[in-house]
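Engineer: Build the 3D model from these lines:
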Amino acid sequence: MNKQDVLILYQYDAWSTAKILEAASDITKEQFLAPVSFPHGSLRGTLVHTLFAAWLWRTRWEGTPYSPAWKAEDFPTFESLWARWYYEQDRLMKFVENVTEERLVRRFHYVSTEGEPHERVLWEAMTHVVNHGTQHKTEAAAILTGFGRSPGDIDLIVYFNQVA
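Structural biologist: Alright, predicted model coming up:
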C-alpha cells in the first residue's frame, strides 16, 4: 500500500462521512438518542464509537498515550458531535497528507483499549480505520434509513464513479 492509495481511501472516508452526517443533520434529538438494535445502542452511540476509533488510532500514530474512551453522553446533541467530527477529520487528513512512504511501512507500538501491547505496520492500521469506519457508517446508514433519512449509497465504487 502506498501513500496515494492511503490518501484515496481517506478521501473516500471523508466523502462517506459527509453523506452520513448530512443525512443525519435534520433528525430530531429523540431519533439521535433512540435505542436501536445495533451494537452501540443508538445513532449517537454508533457515530461516537466511529469517531472515537478514528481519533484513537490517529493519536496512537502520533505517539500520544491512551486516554479513556469517549462516552456517548459527551455529545448531548447531533450538533456537538458534528462539530467535533469535522475538527477531528481535519486533524486526521493532515496526518494522512503528511505521512511519508517510508513511515507507511514502518512498525509502531501501541497499547490496546484492553491494555495489551501491540505492534503493527502503519499502513495496515490506517487501512483498518477506514474499514472500521465503513462498517459503523453502514450501521448508521441503516438507522438513518429507518428514520426515512437514507444517505444513499456509500460504496467505494460509487465514490470512484463520482470523482472520476
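Engineer: Which residue ranges of this protein form strands?
Structural biologist: 107-111, 117-121 (DSSP state E).
Engineer: So which of the ones you listed is the most surrounded?
Structural biologist: strand 107-111 (a mean of 13; mean count of other C-beta atoms under 10 Å). Yep, even glycine has a C-beta here, placed from its N, CA and C like the rest.
Engineer: just the angle between that strand and strand 117-121, please?
Structural biologist: Compare the direction of strand 107-111 with that of strand 117-121 by axes from the mean of the first three to the mean of the last three C-alpha atoms, to 10 degrees and you get 150 degrees.
Engineer: now what about strand 107-111, what contacts it?
Structural biologist: Strand 107-111 has contacts (C-beta atoms under 8 Å, 6 or more residues apart in numbering) with 60, 61, 65, 66, 117, 118, 119, 120, 121, 122, 125.
Engineer: go again using 6 Å as the cut-off
Structural biologist: Outside strand 107-111, the residues that touch it by C-beta atoms under 6 Å, 6 or more residues apart in numbering are 60, 66, 117, 118, 119, 121, 122.
Engineer: Quick check, pLDDT for the residue lying closest to the second one once chain neighbours are set aside.
Structural biologist: Translated: residue 66. The shortest distance from residue 66 to any non-neighbouring residue, by C-beta to C-beta, 6 or more residues apart in numbering, is to residue 111 (5.3 Å). On pLDDT, residue 111 comes in at 91.
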